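Student: 3D model of this:
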Amino acid sequence: MLIPAWIFLMDVPVLGSSEHTFSFNQDVVVLLLIDGILFHIQSVTAYALMGKISPVTFSVASTVKHALSIWLSVIIFSNKITTYSAFGTALVIIGVFLYNRARQYQQQKIQALISYNNKGREDQPLLNEDLQQPEK
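Tutor: Sure, this is the predicted structure:
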């Protein structure tokens with residue numbers, strides 16, 4: 001279960017299907033270590049970020065990240081742009097725009113409700129517990 005998937009996909013002499021040989025050299029080990037370190041940093045960052053933002057916002061940001069990686073592959077590796085990738089990217093951009101508009105609308109409504117409820121009562125405590133005086 002803990003064996004990396006790349007072992008099964010590469011031509012390792014014991015597991016491989018061709019006569020090519022594979023040897024671990026310093027470059028492969030360094031790349032695997034860098035990959036592991038970056039994945040760990042990404043996991044820790046995602047976990048810390050989940051405590052600061054809502055899961056929906058995190059999901060929207062993740063979707064944008066996936067769309068961006070598709071377009072970076074188009075730019076860097078000269079992959080062909082398919083109709084589905086163009087449509088999907090447009091859908092992501094529209095979805096992010098609508099999500100941001102909905103959040104702004106929600107925040108404006110909450111602020112309006114708070115200001116309406118606190119009209120003329122700026123010094124009123126927010127919680128009922130604040131009304132009770134501590135016993136001496």
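Student: what's the longest helix along the chain packed up against?
Tutor: When every helix of the chain is counted residue by residue (DSSP state H), the longest turns out to be helix 83-117. In terms of contacts (3 or more C-beta pairs under 8 Å, 6 or more residues apart in numbering; DSSP states H and E), helix 83-117 is packed against helix 55-77. All C-beta spots, glycine's among them, are computed from the backbone N, C-alpha and C.
Student: Show me what the mean pLDDT comes to for the helix it packs on.
Tutor: For helix 55-77, mean pLDDT rounds to 87.
Student: so it versus helix 83-117, what angle?
Tutor: Put simply, helix 55-77 runs at 150 degrees to helix 83-117, going by axes from the mean of the first three to the mean of the last three C-alpha atoms, to 10 degrees.
Student: What residues of helix 55-77 count as buried?
Tutor: Across helix 55-77, burial judged by 16 or more other C-beta atoms under 10 Å covers Val60, Thr63, Ala67, Ile70, Val74.
Student: Now the third one. Nearest residue, chain neighbours left out?
Tutor: Nearest non-adjacent residue to Ala67, counting by C-beta to C-beta, 6 or more residues apart in numbering: Val92, 4.3 Å away.
Student: Could you give the number of residues near the one you found?
Tutor: Other residues near Val92 come to 17 when the count uses other C-beta atoms under 10 Å.
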